[in-house]
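K.L.:
next one to model:
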Amino acid sequence: MHLSHFTILLLLPLLTSSTPLGNDQPSFFYKQLSLTFHGGPASYPLSFPADGNTYPTNNGLTINRITNTDFNIFYNCNFYFADDGGKPVATSSSPDGKEVQVGTPRVVSGVNCQPTPGGGGTCLPVYASCEWCGGANGQGGCHVLNCCSGYCAATKCRPTS
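P.N.:
Here you go, the predicted model:
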């Protein structure tokens with residue numbers, strides 16, 4: 001009995017100084033996008049996170065319109081088109097940027113979109129990509145995005161300590 005009291009007294013400082021298990025910060029996730037690629041009466045969906053990575057469409061349908069319900073895809077996404085003998089690709093936007101018209105319909109081979117926090121997030125976590133170049137058919141320029149940690153260096157959000 002005395003040994004157990006003694007053991008508790010020895011462990012008490014250790015137990016009271018330890019940190020609780022778990023993470024006090026909410027988990028981070030990127031905004032999930034759902035785009036629909038239209039080619040005449042046919043269409044196909046593609047869902048992916050807005051994390052800056054390029055996602056292949058894996059579909060050979062010739063596209064004349066791309067739609068989305070809640071994200072400005074014209075200014076915040078880059079679309080990659082299959083080569084069609086060097087013919088230029090003209091794109092135009094709806095007023096809210098949620099629809100892109102593709103002039104001279106073309107097969108879309110891939111898409112990437114600006115890293116965007118999901119949920120109520122307003123900033124990107126440490127080591128997330130924080131520099132975005134593109135949008136507006138390649139004419140959008142480059143932008144530094146908001147890092148929760150404080151600063152963006154070498155295209156990644158860096159810790160301050």
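K.L.:
can you get me a residue count around the residue lying closest to residue 104 once chain neighbours are set aside?
P.N.:
Excluding its sequence neighbours, the residue lying closest to residue 104 (Cβ to Cβ, 6 or more residues apart in numbering) is residue 87, at 5.6 Å. No exception for glycine: its C-beta is placed from N, CA and C like everyone else's. Neighbourhood size, residue 87 [other Cβ atoms under 10 Å]: 11.
K.L.:
quick one: secondary structure of residue 87?
P.N.:
coil (DSSP: H, G, I helix; E, B strand; the rest coil).
K.L.:
how close does it sit to residue 101?
P.N.:
16 Å (Cβ to Cβ, to the nearest Å).
K.L.:
show me where the protein has its strands.
P.N.:
32-39, 42-49, 55-56, 62-67, 77-81, 90-93, 99-113, 131-133, 142-144, 151-153, 156-158 (DSSP state E).
K.L.:
nearest to residue 119, of the ones you listed?
P.N.:
Nearest to residue 119 among those is strand 32-39 (10.2 Å), distances taken as Cβ to Cβ.
K.L.:
who's in contact with that closest one?
P.N.:
43-50, 57, 59, 61-69, 71, 73, 105, 108, 111, 113, 118 (Cβ atoms under 8 Å, 6 or more residues apart in numbering).
K.L.:
now a ChimeraX select for only the buried ones of these.
P.N.:
Restricted to buried positions by 16 or more other Cβ atoms under 10 Å, the ChimeraX selection for the contacts of strand 32-39 reads:
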select :46,48,49,50,57,59,61,62,63,64,65,66,67,68,71,73,105,108,111,113
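K.L.:
who does residue 42 form a beta bridge with?
P.N.:
residue 39 (DSSP bridges).
K.L.:
correct me if wrong: it contacts residue 61.
P.N.:
Yes. Proximity of residue 42 to residue 61 meets the contact threshold set by Cβ atoms under 8 Å, at 5.9 Å.
K.L.:
what sits against residue 50?
P.N.:
Per Cβ under 8 Å, 6+ apart, neighbours of residue 50: 30-33, 71, 76, 113-116, 118.
K.L.:
of the residues you listed, buried ones?
P.N.:
Looking at the contacts of residue 50 with 16+ other Cβ under 10 Å, the buried ones turn out to be 30-31, 33, 71, 76, 113-116.
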